[in-house]
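Novice: model the following, please.
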Amino acid sequence: MKNPIVQGWYADPESRVYGDTVYIYVTHSLPFEEQTNLSLFYSKDLKAFSHAKDILDMETYKGATSAIWAPSVVEKNGRYYIVFAANNIFHDGEPGGLYVGESETPLGPFRNVFMDGRPLINIFIGGAQPIDAHFYKEGNDVYLYYGGWGHLIACKMGEDMRSYEDAREITPADYVEAPYVMKEGGRYLLMYSSGNWMDGTYRVLCASADVPYGPFLNAREVLGNSEIACGAGHNSAFFFDGKHYIAYHRRFYEDKNPHHRVLCIDEMHVENGEILSITMT
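Specialist: Numbers count the residues shown, from 1 in each chain. From the prediction side, this is the model:
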């Protein structure tokens with residue numbers, strides 16, 4: 001395994017393992033108006049990656065034209081569902097927000113779950129911009145965590161993945177965006193990004209809770225700058241071939257272009273239900 005794992009500018013990796021394959025869904029790290037679809041990289045050994053381009057059937061997402069960001073995918077009842085943000089909206093009811101798509105395979109293409117093309121969420125709940133969504137599955141229940149502008153919202157998806165309920169704000173300390181939830185040792189671990197995505201202040205914090213809705217407490221940094229790179233953030237995690245890994249993007253110190261982010265994977269160690277500090281390689 002070598003970092004960056006692929007060539008090119010990509011960000012916001014959401015990693016999933018289905019069968020013997022690791023799937024990493026990503027944002028194209030480009031100016032917002034050029035972000036018009038999503039990509040997928042997948043591998044059986046974390047060394048050689050195949051690339052699936054334009055995994056969204058964009059004709060089915062009414063009003064979604066740019067700033068296509070931050071995918072998250074979950075399997076439920078034999079189908080695969082994706083959630084992503086579009087248009088970087090600033091007010092309730094604007095075209096865009098969080099859309100949900102479905103596919104028969106992890107490779108897509110993902111088509112809108114709504115025949116009329118509408119988004120799932122295009123309102124501001126608890127002050128949270130509807131971006132940076134993450135699906136967390138426990139049993140057959142799927143929880144949705146999302147939110148920018150320093151607010152984190154949690155809700156539970158309906159059985160048909162076309163509705164949500166019990167949405168509430170659960171913002172932990174120093175939260176900015178990019179939630180990711182996993183469970184270890186009976187505790188829920190929430191990883192998220194703090195700082196500014198456009199520079200080297202970006203970093204990953206982790207807080208823990210006893211239940212999916214929190215409160216998530218005892219936040220601490222688990223991935224920050226090193227002599228290798230800076231601005232590490234918007235991560236996910238996965239367990240593959242007997243080891244825990246973190247997938248994230250980072251940037252080069254000498255490159256000040258905010259869109260020049262690269263995809264990386266490093267081993268992640270978990271002890272006694274806690275994530276230890278992660279070393280970039």
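Novice: what residues are bridge-paired with Ala154?
Specialist: On the basis of DSSP bridges, Ala154 is bridged to Tyr145, Arg168.
Novice: list the contacts of Thr65.
Specialist: By CB atoms under 8 Å, 6 or more residues apart in numbering, the residues touching Thr65 are Thr36, Ala86, Asn87, Pro95, Gly96. Using the backbone N, CA and C atoms, a C-beta is placed for each residue, glycine as well.
Novice: over to Ala209?
Specialist: Residues in contact with Ala209 (CB under 8 Å, 6+ apart) are Arg187, Tyr188, Leu190, Pro215, Phe216, Leu217.
Novice: and which of the residues you listed is nearest His249?
Specialist: Each of the contacts of Ala209 was checked against His249 using CB to CB; the closest is Leu190, at 18.8 Å.
Novice: pretty sure Lys243 contacts Glu267?
Specialist: Yes - under the criterion of CB atoms under 8 Å, Lys243 is in contact with Glu267, at a separation of 5.9 Å.
Novice: beta-bridge partners for the nearest residue to Trp149 once chain neighbours are set aside, please?
Specialist: For Trp149, ignoring the flanking residues on the chain, the nearest one in space by CB to CB, 6 or more residues apart in numbering is Gln129 at 4.6 Å. Beta-bridge partners for Gln129, by DSSP bridges, are Gly148.
Novice: on that earlier part again, out of the contacts of Thr65, who's the most crowded?
Specialist: Among those, Ala86 has the most neighbours (other CB atoms under 10 Å), with 26 neighbours.
Novice: before we move on, the earlier item: okay, who's weakest in the contacts of Ala209 by pLDDT?
Specialist: In terms of pLDDT, the lowest of the contacts of Ala209 is Arg187, showing 94.
Novice: list the contacts for that residue?
Specialist: Contact analysis of Arg187 by CB under 8 Å, 6+ apart lists Ser208, Ala209, Asp210, Gly273.
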